[in-house]
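Participant: quick one, structure for this:
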Amino acid sequence: MAQTDLGLKGAGLEIGLVSPQDVDATFGFGVFADLGSIAPQFMLEAYLDYWSKSEDIVGGETMVRDWALGAKGKYVFPAENTRVRPYVGAGLGLHLVKAKVSIPDTDFGGIIVPGMTVEDSMTKLGIDLGGGLTTPLSDRADFVGEFWYGIVSDLNQLSLKVGVLYRFGM
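Facilitator: Take a look at the predicted model:
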């Protein structure tokens, strides 16, 4: 019989490389919470991730950033005689995306063409697919390595992250 063990079991920090669609790769970071299990091999996690990328373009600058808040379910593979625990998972995330293009004033031989800034903010729902592994660092801390693909309208993103999970209680 499956036993549910939900609650805040731990929290962690992670950093990694994010490769958004149509944007050069950048670093991202996040926080996450271990919310326990709905069955012995099925874990729940909540997360908040952030990345931003600015680039110079001819005569101006572009910027894209994404705050993502979501939850993931993970299936942890049974592994005997090893401290490494691999898993696969899926989840949903709410992405708060902002894009901005700034073009400064331009002087054409005494004629000043005024610059402009255009920006847009969007809220998009994304689907997360991926997996990773955990292994103990100490009695209360685990190393986490993950690979996730986020399907987000017009801004799909691939991320490779590493982090540390601090487990509460015992």
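Participant: show me where the protein dips below the pLDDT cut-off.
Facilitator: Counting by pLDDT under 70, the chain contains low-confidence ranges at 1-2, 170.
Participant: quick one, longest strand in it?
Facilitator: Longest strand in the chain by number of residues (criterion: DSSP state E): strand 116-136.
Participant: give me the sheet partners of that one and which way each runs.
Facilitator: Strand 116-136 has its sheet partners listed here by DSSP bridges as strand 85-103 (antiparallel), strand 141-152 (antiparallel).
Participant: next one: it to chain centre, how far?
Facilitator: The chain centre lies 5 Å from the centre of strand 116-136; the measure is Cα atoms, centre = their mean, to the nearest Å.
Participant: contacts for that strand?
Facilitator: Counting by Cβ atoms under 8 Å, 6 or more residues apart in numbering, strand 116-136 makes contact with 68, 70, 72, 74, 83-103, 142-155, 165, all of which sit outside it. C-beta here means a position set from N, CA and C on the backbone, and glycine is covered the same way.
Participant: just the buried residues of these.
Facilitator: If you count burial by 16 or more other Cβ atoms under 10 Å, the buried members of those come out as 68, 70, 72, 74, 85-87, 89, 91, 93, 95, 97, 99, 102-103, 142-146, 148, 150, 152, 155, 165.
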